[in-house]
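Undergrad: Task: produce atomic coordinates for the following.
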Amino acid sequence: MRILITGAAGFVGQLLAERLLNEGHRLLLTDVIEPPIPSAAKNRENAKTVKADLYEEAAKVADEDLEAAFIFHGIMSAGSEANFELGYRVNVQSTFRILDELRKAYLFESGRQR
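TA: Alright, predicted model coming up:
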């Protein structure tokens, strides 16, 4: 299965990526920094990493070959409380943009009208 993980450089993203790679899945890992491929994972060659700001570059990771997505990116409570606009941009608007790009990729792949 080809799977997207956003926030892949974070704690949960790294744990999930390791498990999915060990199970033989193909992963697309993305974050605002270049996400590492978990060093203890098997099948590391099944992972591709993409550094992307999903607010600006969601289309970079919306691939019609994806079969699942785990959306883990975000600014957690203290960071979003300190900077509400940044929290809203990352937690709400970036999530909307990646979901919209995935919708478009699905419609393209399935031959449906947008």
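Undergrad: so what's the closest residue to Val90 other than its chain neighbours up against?
TA: Nearest non-adjacent residue to Val90, counting by Cβ to Cβ, 6 or more residues apart in numbering: Ile75, 4.7 Å away. For the C-beta atoms, the positions are set from N, CA and C on the backbone; glycine is no exception. With contact taken as Cβ atoms under 8 Å, 6 or more residues apart in numbering, Ile75 is in contact with Asn83, Leu86, Gly87, Val90, Asn91.
Undergrad: cool, Gln14 as well?
TA: Here Gln14 is in contact with Ala8, Pro35, Pro36, Pro38 (criterion: Cβ under 8 Å, 6+ apart).
Undergrad: for Arg2, same thing?
TA: Neighbour list for Arg2: His25, Arg26, Leu27, Leu28, Asp63, Asp65, Leu66, Glu67, Ala68 [criterion: Cβ under 8 Å, 6+ apart].
Undergrad: cutoff 6 Å now
TA: If you count contacts by Cβ atoms under 6 Å, 6 or more residues apart in numbering, Arg2 has them with Arg26, Asp65, Leu66, Glu67.
Undergrad: Filter those down to the ones in strands?
TA: Among the contacts of Arg2, the residues falling in strands (DSSP state E) are Arg26.
Undergrad: buried subset of the contacts of Arg2?
TA: For the contacts of Arg2, a burial check counting by 16 or more other Cβ atoms under 10 Å picks out Arg26, Leu66.
Undergrad: want to throw the contacts of Arg2 into JSON lines with pLDDT and distance to Leu15?
TA: Shown next, in JSON lines, are those (pLDDT from 0 to 100; distance: Cβ to Cβ, whole Å):
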{"residue": "Arg26", "pLDDT": "98", "distance to Leu15": "18"}
{"residue": "Asp65", "pLDDT": "89", "distance to Leu15": "24"}
{"residue": "Leu66", "pLDDT": "93", "distance to Leu15": "20"}
{"residue": "Glu67", "pLDDT": "94", "distance to Leu15": "20"}
